[in-house]
Structures are given as C-alpha cells and as structure tokens.
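Participant: fold the following, please.
(2 chains)
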There are 2 protein chains.
Amino acid sequence: MAVTIDAHSDTFTVIVTFTPDPSRREELVEAIRAFVVTVVRHQPGFLSSTVHVSADGTRVINYAQWADREAYEAFGANGAVMDQRGAITNFPHEGQPYEIAFQVTATA
Amino acid sequence: MAVTIDAHSDTFTVIVTFTPDPSRREELVEAIRAFVVTVVRHQPGFLSSTVHVSADGTRVINYAQWADREAYEAFGANGAVMDQRGAITNFPHEGQPYEIAFQVTATA
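Facilitator: Model prediction:
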C-alpha cells in the first residue's frame, strides 16, 4: 500500500535526516529497516515509514507518519522500545515533527 | 489531490532541506510558494511539491516529485526558470535526488 501525503489530514509527520559516512550507509539502512519492521510498525498509532537514500550516499531520510502527536510521543517515551534502536543511535541524525505548509501538484 | 509515495513507482524524488533563521521562516515559505505556484508547476514532468516546516522553525523541507530524471535535469538547467527563484537563493539549503530504500506501513 502506498503512502499518502495529504496536506489536509491530521497525520503527524516526523522527518529524520541521518548523515552517515557513505561507506556505512547500507549498514544504517538495514539497522533502520530492522527496527521499523520488528518494533516500530507494531506501535499504536504508527502509520508509515519511508526511508530515502540520497544519490550521493551522504543522507538517509526517514519520512514517518503517525496517527497523532500523542502516539508519537508515547513511542518516543517508551524506554523498552527505544532500547531496541540498536546501531541506529551510532549515526548522526536530527529529526523532529513537521507541519505541511502547502502542497502543489501538477493537476491541482 | 493528495500526493502518493510509492516505493515501486519510477517517480523521481528530490528533497531539499533549508536551514533558515527561524525569524525568516515565513518569508522563505512564501518565496518557495510563489516560485512553485507560478513557475515550477508549469514545467514539463513536474508532479508535486510538498513544503514542510519543522516544529522548531529551523528547517523547511521541500519534498518534490518529478516524472523522471530527465524532466528534473531540464528544469535545473533552464536558466530562465532558475532566474525566477528570487529570494529562495538567499537561504542556506542543500538538496539532491533520493531513491526510496524501503517503505513500511502499519497494514502492509
């Protein structure tokens, strides 16, 4: 099922940008994949996670969606869950919630 | 019409992260909006642009989709179009094409 970015929905968006050494990019992607598939997707209110890799290999961006802020904050505050992030925490990253300011499509 | 992130499509994704001074964030968003609405959306192969603002106001992310690499490169190489970016160029930013490594949803 594809993910929808709907500027008019109440979906809670979190974007995390990782800046790995390009030689360790694949290791990072696999660490995120393992955490999302085995842990995050089972958390209440999780909607989706789409992980993007930049053409030059220096950036990995996780575009994540949650049902609402409360669900995301409960996830972040769950120590037993956070402890399972594994190698992800070794990679420099910064992320936070985002709101959609506007959206323009070719057809509307 | 909402935007779709489909890991299995050929859509060409470009993500640009701006790091404005938070006091000038709204000015930046409006500059991007003007350029996208009046110029970018009319370029061949443009599909969508969704502009996100971080909760702390220090990041503005443009998640853009193009039909294919050729369309995006023609856009970037069009001097008459680039000249219309206006104030956008005054804001620090970095962006490049991205590929989707994987996508996980709550239901699939």
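
Participant: quick one: the helices in chain A?
Facilitator: Ranges of helices within chain A are A:25-38, A:69-76, A:79-82, based on DSSP state H.

Participant: give me the buried positions along the first one.
Facilitator: Put plainly, it is helix A:25-38. In terms of neighbour count (16 or more other C-beta atoms under 10 Å in any protein chain shown), helix A:25-38 has its buried residues at A:R25, A:L28, A:V29, A:A31, A:I32, A:F35, A:V36. C-beta: built from backbone N, CA, C; applies to glycine.

Participant: just checking, what packs against it?
Facilitator: Secondary-structure packing of helix A:25-38 (3 or more C-beta pairs under 8 Å, 6 or more residues apart in numbering or on different chains; DSSP states H and E): strand A:46-54, strand A:60-66, strand B:93-105.

Participant: roughly how far does the closest residue to A:N78 other than its chain neighbours sit from A:S49?
Facilitator: Closest residue to A:N78 apart from its sequence neighbours, by C-beta to C-beta, 6 or more residues apart in numbering or on different chains: A:Q43 at 7.6 Å. Distance, A:Q43 to A:S49, using C-beta to C-beta, to the nearest Å: 11 Å.

Participant: neighbour count: these two, which is higher?
Facilitator: A:S49 (25 against 16; other C-beta atoms under 10 Å in any protein chain shown).

Participant: rewinding a little: the residue nearest to A:N78 against A:G76, yeah?
Facilitator: No: in this structure, A:Q43 is not within contact of A:G76 by C-beta atoms under 8 Å, at 10.0 Å.

Participant: ok, now which ones touch A:A87?
Facilitator: By C-beta atoms under 8 Å, 6 or more residues apart in numbering or on different chains, the contact list for A:A87 reads A:E27, A:L28, A:A31.

Participant: try A:T19
Facilitator: So A:T19 contacts A:T58, A:R59, A:F91, A:P92, A:H93 (C-beta under 8 Å, 6+ apart).

Participant: for the second one, give me its contacts.
Facilitator: What that stands for is A:R59. Counting by C-beta under 8 Å, 6+ apart, A:R59 has contacts A:T17, A:F18, A:T19, A:V53, B:Q96, B:Y98.

Participant: okay, the first one: pLDDT?
Facilitator: Meaning A:T17. The model reports A:T17 with a pLDDT of 98.
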